[in-house]
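>>> make a model of this:
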Amino acid sequence: MDQNFDLQGYMTKGVERVVADAVKATVRNPKESAFMLRFAAASRAASKRRAAAEKNGEHVPPFLIASITSKCNLHCAGCYSRCNHATVDSEPVAQLTGEEWLRIFGKADEMGISFILLAGGEPMLRRDIIEAAGERRNILFPIFTNGTFIDEKYLALFDRCRNLIPIMSIEGNREITDARRGKGVYDRLIANMDAFQSRGLIFGASVTVTTENLKEVSSDSFIESLSGRGCRAVIFVEFVPVTEESRELAPGDAEREYLADEIARLRGQYPEMVFISFPSNVYDTTLAMYEIVKNGGLPVGINFDSKNRRPSNTYEDMFHAFILGMDSFAFGLIKAAQIIEDGRIEGFTEKKYESFNTELGQKIRKGEATLEELAAHAADLKAPKVPASGRQEYLEGVLNNIILS
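Here you go, the predicted model:
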């Protein structure tokens with residue numbers, strides 16, 4: 001692989017694909033289409049600025065994470081931020097002002113940073129900073145929020161500043177969500193989603209996965225409820241145990257394997273959405289990043305979190321878990337690029353599904369084929385003597401060759 005491979009270049013191409021889809025899907029919402037077009041152009045320009053800085057020995061990342069407050073209005077069960085006293089009820093001491101953050105965002109824009117994830121505490125408590133972020137239209141700001149502070153003023157702000165993308169935390173159905181986050185939170189989140197959809201606003205969902213809600217949050221009924229309300233990204237975050245009593249809620253190897261299988265199924269069943277989890281297995285991260293790149297990138301970014309195993313219970317373990325997550329996905333993105341450049345897996349896929357490029361195949365994809373046409377086509381086909389091979393072992397060998405090289 002080219003040592004000068006530009007990761008942001010792949011994200012830029014992904015944004016351009018999203019733009020093409022968005023223009024088609026938002027004919028009645030020109031604001032969204034116009035923003036996507038402008039952001040794609042800004043992202044390409046930012047990539048050029050970073051490339052120029054790289055030539056001068058200055059490495060500028062395309063992403064930043066900004067924790068803009070330590071304060072939160074909720075007391076979610078098992079919150080590790082509260083357990084390690086990073087989040088408190090008292091007013092934060094010496095936090096940056098909205099003007100200071102605006103200068104930081106401005107400098108980031110000048111340097112060519114395209115994505116800044118806003119986190120907390122509860123970031124929506126800092127309306128001054130959210131408004132400051134909205135002024136920097138060349139940067140996309142995913143906002144990880146509990147959703148309880150979204151009001152008409154925020155909706156108007158999101159409508160005016162399409163670079164602000166709320167990612168709301170939800171744990172499954174009403175009973176599960178309210179049990180962890182507080183009574184009435186679920187209904188508030190659903191009302192927010194309906195409000196976003198009615199205004200044609202992009203949003204995503206962040207789901208903390210436990211042993212208790214694993215099957216609920218990966219079920220068709222839950223995913224369809226999100227998709228039907230316009231959600232376009234679901235981010236699965238493993239529960240981090242912070243007390244001895246909560247360790248049984250942390251997913252083990254069997255639960256992780258189940259979730260990985262379910263995510264693979266969901267990606268095929270709901271192509272209009274993007275599904276992400278946070279494994280440290282480089283095979284999982286490589287295939288996840290491959291699907292993200294091939295399906296238009298992920299403008300909302302990735303929320304890295306610590307994924308400690310049950311026996312790992314120190315702050316040092318959490319630190320290493322953060323680094324492991326970032327390294328695993330960075331490695332996965334590089335290997336995904338190599339898979340695309342290699343071409344063998346893509347060539348196999350194109351050959352396997354080439355019939356969908358025929359006249360009848362195109363009609364099927366567009367939903368225009370009739371049952372009579374399909375019946376006539378099936379009657380004309382001759383039964384194959386031997387079913388076509390899926391060549392699973394060959395494909396796994398190709399994947400091993402690329403990842404281990």
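>>> could you report the neighbour count for residue 79?
Residue 79 has 18 neighbouring residues, counting by other C-beta atoms under 10 Å. For every residue, glycine as well, the C-beta is placed using N, CA and C.
>>> how near is it to residue 65?
When distance is defined by C-beta to C-beta, to the nearest Å, residue 79 is 18 Å away from residue 65.
>>> and for residue 225?
29 Å.
>>> with residue 109 instead?
Distance from residue 109 to residue 65, by C-beta to C-beta: 16 Å.
>>> so for the two, which residue has more residues nearby?
Legend: neighbour count by other C-beta under 10 Å for residue 109 and residue 65, higher for residue 109 (19 against 15).
>>> give the contact list for the more buried one.
46, 136, 138, 139 (C-beta atoms under 8 Å, 6 or more residues apart in numbering).
>>> helices of the stretch 251-400 of the chain, start to end?
Remark: helices assigned in the stretch 251-400 of the chain by DSSP state H, counting those that start in this stretch are 253-269, 282-294, 315-342, 344-352, 359-365, 371-380, 392-404.
>>> between those, which gets nearest to residue 94?
Nearest to residue 94, of all the helices of the stretch 251-400 of the chain, is helix 315-342, at 22.1 Å by C-beta to C-beta.
>>> that closest one vs helix 392-404, what angle?
120 degrees (axes from the mean of the first three to the mean of the last three C-alpha atoms, to 10 degrees).
>>> now helix 315-342 against helix 282-294, angle please.
Going by the same axes, to 10 degrees, helix 315-342 makes 50 degrees with helix 282-294.
>>> flag the shaky bits of the stretch 151-300 of the chain, pLDDT-wise.
Along the stretch 151-300 of the chain, the model assigns pLDDT under 70 to residues 240-244, 278-283, 295-300.
>>> just checking, residue 174 touches residue 187?
Yes: because the distance of 7.0 Å satisfies C-beta atoms under 8 Å, residue 174 is recorded as touching residue 187.
>>> so which of the two has more stuff around it?
Remark: of residue 174 and residue 187, residue 174 carries more neighbours, 15 against 12, as counted by other C-beta under 10 Å.
>>> quick one: contacts for the closest residue to that one other than its chain neighbours?
In space, and not counting its chain neighbours, residue 174 is closest to residue 186: 4.1 Å by C-beta to C-beta, 6 or more residues apart in numbering. Residue 186 is in contact with 170, 173, 174, 177, 178, counting by C-beta under 8 Å, 6+ apart.
>>> so how far is residue 178 from residue 186?
5 Å.
>>> can you check residue 156 too?
Residue 156 is 28 Å from residue 178, where distance means C-beta to C-beta.
>>> who's more crowded, these two?
residue 178 (15 against 11).
>>> make sure the more buried one is indeed in a helix.
Yes: counting by DSSP: H, G, I helix; E, B strand; the rest coil, residue 178 falls inside a helix.
>>> tell me who's in contact with it.
184, 185, 186.
>>> same deal with residue 63?
113, 114, 115, 116, 117, 301.
>>> so for those, which is the shakiest by pLDDT?
Minimum pLDDT for the contacts of residue 63 is recorded at residue 301 (58).
>>> in contact with the closest residue to residue 138 other than its chain neighbours, which residues are there?
Of all residues beyond its chain neighbours, the one nearest residue 138 is residue 42 (3.9 Å), with distances taken as C-beta to C-beta, 6+ apart. Going by C-beta under 8 Å, 6+ apart, residue 42 touches 114, 137, 138.
>>> compare the residues you listed and tell me which has the most neighbours.
Busiest of the contacts of residue 42 [other C-beta under 10 Å] is residue 114, holding 28 neighbours.
>>> now stretch 111-118: buried residues?
Of all the residues in stretch 111-118, those buried under the rule 16 or more other C-beta atoms under 10 Å are 112, 113, 114, 115, 116, 117, 118.
>>> three-state assignment of the last one?
Under the three-state scheme (three-state DSSP), residue 118 adopts strand.
>>> that one contacts residue 133, correct?
Yes: Residue 118 is in contact with residue 133 according to C-beta under 8 Å; the separation is 6.6 Å.
>>> where do the contact lists of those two overlap?
By C-beta under 8 Å, 6+ apart, the residues touching both residue 118 and residue 133 are residue 141.
>>> CA atoms only for the helix or strand containing residue 107 - export them in PDB, please.
Using DSSP states H and E, residue 107 falls within helix 98-111. Provided in PDB are the C-alpha atoms of helix 98-111 (Å, rounded to 0.1, in the frame of the first residue of the first chain):
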ATOM      1  CA  GLY A  98     -18.000  29.600  24.300                       C
ATOM      2  CA  GLU A  99     -15.700  32.300  22.800                       C
ATOM      3  CA  GLU A 100     -12.700  30.200  23.600                       C
ATOM      4  CA  TRP A 101     -14.200  27.100  22.000                       C
ATOM      5  CA  LEU A 102     -15.100  29.200  19.000                       C
ATOM      6  CA  ARG A 103     -11.400  30.200  18.600                       C
ATOM      7  CA  ILE A 104     -10.400  26.500  18.900                       C
ATOM      8  CA  PHE A 105     -13.000  25.500  16.300                       C
ATOM      9  CA  GLY A 106     -11.700  28.300  14.100                       C
ATOM     10  CA  LYS A 107      -8.100  27.100  14.400                       C
ATOM     11  CA  ALA A 108      -9.200  23.600  13.700                       C
ATOM     12  CA  ASP A 109     -10.900  24.800  10.500                       C
ATOM     13  CA  GLU A 110      -7.800  26.600   9.400                       C
ATOM     14  CA  MET A 111      -5.700  23.500  10.000                       C
END
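>>> give me the domain ranges for the protein.
Taking automatic domain parsing as the criterion, the chain consists of the domains 61-324, 344-379+390-404.
>>> check which helix or strand covers residue 47.
Judged by DSSP H and E, residue 47 forms part of helix 30-55.
>>> and the next helix or strand past that helix?
Using DSSP H and E, the helix or strand that follows helix 30-55 in sequence is strand 63-67.
>>> run the angle between that following strand and helix 98-111 for me.
Using the same axes, to 10 degrees, strand 63-67 lies at 170 degrees relative to helix 98-111.
>>> tell me the most buried of the helices of the stretch 251-400 of the chain?
helix 282-294 (a mean of 21; mean count of other C-beta atoms under 10 Å).
>>> CA atoms only: put the host helix or strand of residue 175 into PDB for me.
Assigned by DSSP H and E, residue 175 falls within helix 174-181. The C-alpha trace of helix 174-181 is given here as PDB (Å, rounded to 0.1, in the frame of the first residue of the first chain):
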ATOM      1  CA  ARG A 174     -39.200   2.200  27.100                       C
ATOM      2  CA  GLU A 175     -38.700  -0.200  30.100                       C
ATOM      3  CA  ILE A 176     -35.000  -0.800  29.500                       C
ATOM      4  CA  THR A 177     -34.200   2.800  28.700                       C
ATOM      5  CA  ASP A 178     -36.000   4.400  31.600                       C
ATOM      6  CA  ALA A 179     -34.600   1.800  34.000                       C
ATOM      7  CA  ARG A 180     -31.100   3.000  33.200                       C
ATOM      8  CA  ARG A 181     -31.600   6.600  32.400                       C
END
